[in-house]
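Q: fold the following for me, if possible:
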Amino acid sequence: MAREDFSKGCSTVEARRTQSEPCYAPAPRSSRLCGFLAVRFGLRLCSAAVNQVALLSVAGWLAFISTLPAAAAVTPATPAAPSDAERLAREVADRGWILFAARTRQNDYDLFLSRPDGSSLLNITQTPQSDEYGGRFSADGRRVLFRRQKRGENINHDLWGAMGMLVIANTDGSNPVPHGNDGDYPWASWSPDGRQIACLYKKQGCIRIVDLQTKTTIKELPRQGIFQQMFWSPDGTRLCGTANINGQNWNVVSMDLSTGAWTLLTRNLNCTADWFQHDAQRVIYSHRTPGLATGYGWTMLMQATADGRNRSLIYGERGKHVYYGGTSPDDQYVIFSFPESDGGTDALMAIMRLADAPIIVPDDYRELKALYPNAKNGPVFRLNQAGFEPHWTYTEIGVK
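A: As a prediction, the model looks like this:
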């Protein structure tokens with residue numbers, strides 16, 4: 001490259017720059033020296049002194065520098081320590097995938113996959129004329145089942161499992177196969193081996209176990225008061241669901257599939273039950289106590305043993321209703337949502353460690369803390385993403 005003449009402050013090449021761009025001309029030697037002394041030693045010299053120093057020999061330079069004070073140690077800026085919630089987000093970031101329904105920019109509901117920290121978000125249905133919701137991974141994480149209905153029809157928090165048609169697809173949303181018509185296979189729930197589904201027929205008063213390949217009913221049981229939100233236990237021996245039974249409304253029961261015998265797990269105003277994914281002896285559900293903090297009360301997340309003997313708090317927050325709770329495949333984490341209204345479907349998601357339960361926020365939620373005095377206040381990782389009925393798998397499913 002040819003040399004340019006800097007005698008006039010900038011080269012002829014630089015002069016061709018537009019007026020909006022800066023012109024980078026080298027500073028005179030004395031100016032550069034002044035800047036070096038100021039930065040390196042914190043020394044400010046008048047221009048005359050700088051000009052004299054600039055004329056020194058190498059030996060003179062060394063002698064001059066030896067008289068200067070030592071430079072102050074430069075301490076690199078310490079990055080802010082991550083919060084407990086940020087650490088939790090990093091902890092779960094690569095632990096599989098979550099599946100959930102959410103409203104799109106076109107105002108329909110689609111099914112989405114994301115990492116548990118909310119990254120790698122992927123719409124797997126993309127059907128502007130339909131709404132999809134209620135997605136559930138099969139136990140092996142290779143397939144999902146969900147409901148699909150015409151766009152614009154209300155998605156009811158209590159009735160969604162009996163609405164629309166059943167669809168089963170690959171986990172990435174490919175090869176979606178409708179099963180029956182609208183209303184068929186209500187509240188369909190995977191068997192542990194993925195070969196059968198359990199369906200709740202409220203009007204007929206029964207539960208049917210259906211073979212997915214042949215579409216034949218293998219077994220039929222009385223529904224024992226179960227009327228919604230029914231799921232199959234991970235060991236294949238029981239079902240759980242929301243039930244009105246023996247004059248006690250809105251409770252959670254478990255049912256033995258071999259005998260049809262039921263066990264009451266809760267007491268008054270409970271719903272959205274699901275099994276722990278790893279421990280078939282525990283159920284997670286939502287509960288509300290009227291009069292606690294407010295006349296209506298705030299819905300909290302609870303757990304119960306399948307024999308009905310023990311119940312305890314997982315998470316409660318004043319000012320929010322907590323629904324759609326579920327566990328990670330190893331039961332180390334809990335994911336749940338905060339609907340904008342009690343029973344709503346637009347609900348921001350959050351994750352906590354089960355080992356940190358019970359958690360109560362804020363700190364001055366005195367009414368609930370009186371019942372659980374040893375409760376913690378976190379950590380809780382709040383995703384910046386709404387999700388209706390989230391479900392979690394550790395299976396890697398080949399999407400990025």
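
Q: rest of the way, CA atoms for contacts and neighbours
A: Noted.

Q: contacting residues around the helix or strand where residue 334 lies?
A: Using DSSP states H and E, residue 334 sits in strand 333-339. Strand 333-339 is touched from outside by 320-328, 345-354, 386-390, with contacts defined as CA atoms under 8 Å, 6 or more residues apart in numbering.

Q: can you read off the pLDDT for residue 186?
A: pLDDT, residue 186: 98.

Q: how near is residue 207 to residue 225?
A: As judged by CA to CA, to the nearest Å, residue 207 and residue 225 stand 11 Å apart.

Q: list the contacts of the closest residue to residue 207 other than its chain neighbours.
A: Excluding the flanking residues, the one nearest residue 207 by CA to CA, 6 or more residues apart in numbering is residue 200, at 4.7 Å. Under the criterion of CA under 8 Å, 6+ apart, the contact list for residue 200 reads 185, 186, 187, 188, 206, 207, 208, 223, 227, 228, 230.

Q: 7 Å instead, please
A: Going by CA atoms under 7 Å, 6 or more residues apart in numbering, residue 200 touches 186, 187, 206, 207, 208.

Q: out of those residues, which sit inside strands?
A: 206, 207, 208 (DSSP state E).

Q: name the element the spatially closest residue to the last one that is not a sequence neighbour belongs to?
A: Taking CA to CA, 6+ apart, and ignoring the residues beside it in sequence, residue 208 has residue 220 as its nearest neighbour in space, at 4.5 Å. Per DSSP H and E, residue 220 falls inside strand 217-222.

Q: helices and strands around that strand, which ones?
A: strand 206-211 (3 or more CA pairs under 7 Å, 6 or more residues apart in numbering; DSSP states H and E).

Q: given the strand it packs on, what are its sheet partners and their directions?
A: Sheet pairing of strand 206-211 (DSSP bridges) gives strand 196-201 (antiparallel), strand 217-222 (antiparallel).

Q: put the alpha carbons of stretch 295-309 into PDB.
A: What follows is stretch 295-309 as a C-alpha-only set of coordinates in PDB (Å, rounded to 0.1, in the frame of the first residue of the first chain):
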ATOM      1  CA  GLY A 295     -62.200 -13.600  51.300                       C
ATOM      2  CA  TYR A 296     -61.800 -15.600  48.100                       C
ATOM      3  CA  GLY A 297     -58.200 -16.800  48.900                       C
ATOM      4  CA  TRP A 298     -55.200 -17.300  46.700                       C
ATOM      5  CA  THR A 299     -54.700 -20.600  44.900                       C
ATOM      6  CA  MET A 300     -51.500 -22.400  46.000                       C
ATOM      7  CA  LEU A 301     -49.600 -25.400  44.800                       C
ATOM      8  CA  MET A 302     -49.700 -28.500  47.000                       C
ATOM      9  CA  GLN A 303     -48.500 -32.200  47.100                       C
ATOM     10  CA  ALA A 304     -50.200 -35.200  48.500                       C
ATOM     11  CA  THR A 305     -49.200 -38.900  49.000                       C
ATOM     12  CA  ALA A 306     -51.300 -41.400  46.900                       C
ATOM     13  CA  ASP A 307     -52.600 -43.000  50.100                       C
ATOM     14  CA  GLY A 308     -54.200 -39.700  51.100                       C
ATOM     15  CA  ARG A 309     -52.400 -39.500  54.500                       C
END
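
Q: could you pull out the buried residues of it?
A: The neighbour-count check on stretch 295-309 (16 or more other CA atoms under 10 Å) flags 297, 298, 299, 300, 301, 302, 303, 304, 305, 306, 308 as buried.

Q: just the ones of those residues in strands?
A: Counting by DSSP E, these contribute 300, 301, 302, 303, 304, 305 to strands.

Q: so what's the third one scoring on pLDDT?
A: Read it as residue 302. On pLDDT, residue 302 comes in at 98.

Q: what residues of stretch 393-400 count as buried?
A: Quick answer for stretch 393-400 (16+ other CA under 10 Å): 393, 394, 395.
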